[in-house]
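Colleague: Return a 3D structure for these sequence lines:
(2 chains)
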Amino acid sequence: NAGVMQNPRHLVRRRGQEARLRCSPMKGHSHVYWYRQLPEEGLKFMVYLQKENIIDESGMPKERFSAEFPKEGPSILRIQQVVRGDSAAYFCASSPLKDAGYTFGSGTRLTVV
Amino acid sequence: AQSVTQPDIHITVSEGASLELRCNYSYGATPYLFWYVQSPGQGLQLLLKYFSGDTLVQGIKGFEAEFKRSQSSFNLRKPSVHWSDAAEYFCAVGDSNTGNQFYFGTGTSLTVIP
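Modeller: Sure thing, here's the model as predicted:
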């Protein structure tokens, strides 16, 4: 009974590189959410996806950030041309229903050097 | 705007003592309320949730929380803390009116001393 799987656990990128974060939701969960946790802060919503559709991306920065959840395979959060301020823990969560309460993955900790 | 406040950044309790972590929310309707726990380097685990009904909610690991509409609070309690409870605790609020996102507090870090 695998939970929400995120990889990699840790990712180091130089400024200007691309970061790709992957999330496989729990079996049977079709709702995927991405959150970002900055040091000393709570989690901030980024984007909500269902299979092949972005439902709500109101929390996504307007530039450099994108997300997808293809028909086959994991959800991907992509950050282009990373900057130091992108350093954070990025958590993926999944749910079988909207508003049902999430199951979180262990996160990807991105460090931009 | 919706918001969640956890007034206590850090709490220290002795093992075996009782615990109460505070959570206040700002919300126009009846919210969905959640408590999550995060161990160092780990993801968030759902402790309990309130959608409607009985305002005293039982969760995992011996935790409970009480929804008090008049005080806009959803405080987390445990009668006897164990050393393994040391972690970061997050309160969250959401419902259909918030769109698809939940709002999280900034967390309370719990230290348990022998």
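Colleague: Spatially nearest residue to residue A:17 (excluding sequence neighbours)?
Modeller: Closest residue to residue A:17 apart from its sequence neighbours, by Cβ to Cβ, 6 or more residues apart in numbering or on different chains: residue A:82 at 5.8 Å. C-betas here are computed from N, CA, C, even on glycine.
Colleague: so who does that neighbour touch?
Modeller: Residues near residue A:82 by Cβ atoms under 8 Å, 6 or more residues apart in numbering or on different chains: A:13, A:14, A:15, A:16, A:17, A:18, A:19, A:64, A:110, A:112.
Colleague: before we move on, what about residue A:86?
Modeller: Per Cβ under 8 Å, 6+ apart, neighbours of residue A:86: A:19, A:79, A:110, A:112.
Colleague: Kindly recompute the last result at 7 Å.
Modeller: A:79, A:110, A:112 (Cβ atoms under 7 Å, 6 or more residues apart in numbering or on different chains).
Colleague: Could you do residue B:92 as well?
Modeller: By Cβ under 7 Å, 6+ apart, the neighbours of residue B:92 are B:4, B:34, B:36, B:102, B:103, B:104.
Colleague: Quick check, the third one in contact with residue B:49.
Modeller: No - with contact defined as Cβ atoms under 7 Å, residue B:36 and residue B:49 do not form a contacting pair (9.6 Å).
Colleague: So for these two, which sits in the more crowded spot?
Modeller: residue B:36 (26 against 19; other Cβ atoms under 10 Å in any protein chain shown).
Colleague: check contacts around the residue nearest to residue B:42 when sequence neighbours are not counted.
Modeller: Distances taken as Cβ to Cβ, 6+ apart put residue A:106 closest to residue B:42, at 5.5 Å, once the chain neighbours are dropped. Residues in contact with residue A:106 (Cβ under 7 Å, 6+ apart) are A:6, A:9, B:42, B:43.
Colleague: so where is the chain shaky, pLDDT-wise?
Modeller: Using chain A. A:1-2, A:98-100 (pLDDT under 70).
Colleague: oops, I was thinking of chain B
Modeller: For chain B, the ranges with pLDDT under 70 are B:1, B:28, B:95-100.
Colleague: Could you report the separation of the residue in it positioned nearest to chain A from residue A:56?
Modeller: Closest contact between chain B and chain A, by Cβ to the nearest Cβ, is at residue B:101 (3.4 Å). According to Cβ to Cβ, to the nearest Å, residue B:101 and residue A:56 sit 7 Å apart.
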